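In: Structure of the sequence below:
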Amino acid sequence: MSFVDDVASGVEAAFKAVERATSAITSGTFTVNRDNVLAAGRIIESQADALHNLWKFSISDMRVDPPGADDVSVRMAAAWNDRLIGDDDSYKNRVKDYFMGLKKLAVQLGDTAKAYGYSEEEIAAAFGTKGA
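Out: Numbers count the residues shown, from 1 in each chain. Got it, this is the predicted structure:
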């Protein structure tokens, strides 16, 4: 297998992992009301947690090792690693930003539940052990 094939395979595996982790999440809008705010918060928080856990255990798999010690292999691997995990806008950081956004949304839904009159205990019970 060539270096390019190795890199392509690694990138494809990383994208498939993200796709699997986010398959239950679709883009769009939903309306939150008193009747569904706790369920919405629980779902958003559970998806954020699932993606975060997958992300934590997949970071090392995103690293590209140079297939040889030659200058081109070393430099190309470094460039791919910057793009995948090192740069501020790396795929690693994009996924992190996504699940952190979901976590913030879960907190907002917890705050909304409080505004609807739910108690801290009801919110914590609905969201699980962590709460919003």
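In: so residue 116 sits right up against residue 34, yeah?
Out: Yes: assessed by CB atoms under 8 Å, residue 116 is found in contact with residue 34 at 4.4 Å. From N, CA and C alone the C-beta is placed, and that goes for glycine too.
In: average pLDDT across stretch 111-131?
Out: If you average the pLDDT over stretch 111-131, you get 87.
In: Contacts for that stretch, please.
Out: Identification of contacts with stretch 111-131 by CB atoms under 8 Å, 6 or more residues apart in numbering yields 32, 34, 37, 38, 39, 41, 42, 45, 46, 106, 110, 132.
In: Can you select the buried ones from these in PyMOL?
Out: Remark: buried members of the contacts of stretch 111-131, expressed as a PyMOL selection using 16 or more other CB atoms under 10 Å:
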select buried, resi 32+37+38+41+42+45+106+110+132
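In: Compile the contacts of stretch 111-131 into a markdown table and extend it with columns for distance to residue 74 and secondary structure.
Out: Converted to a markdown table, the contacts of stretch 111-131 look like this (distance: CB to CB, whole Å; DSSP: H, G, I helix; E, B strand; the rest coil):
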| residue | distance to residue 74 | secondary structure |
| --- | --- | --- |
| 32 | 51 | coil |
| 34 | 59 | coil |
| 37 | 52 | helix |
| 38 | 52 | helix |
| 39 | 51 | helix |
| 41 | 47 | helix |
| 42 | 47 | helix |
| 45 | 42 | helix |
| 46 | 41 | helix |
| 106 | 42 | helix |
| 110 | 48 | helix |
| 132 | 46 | coil |
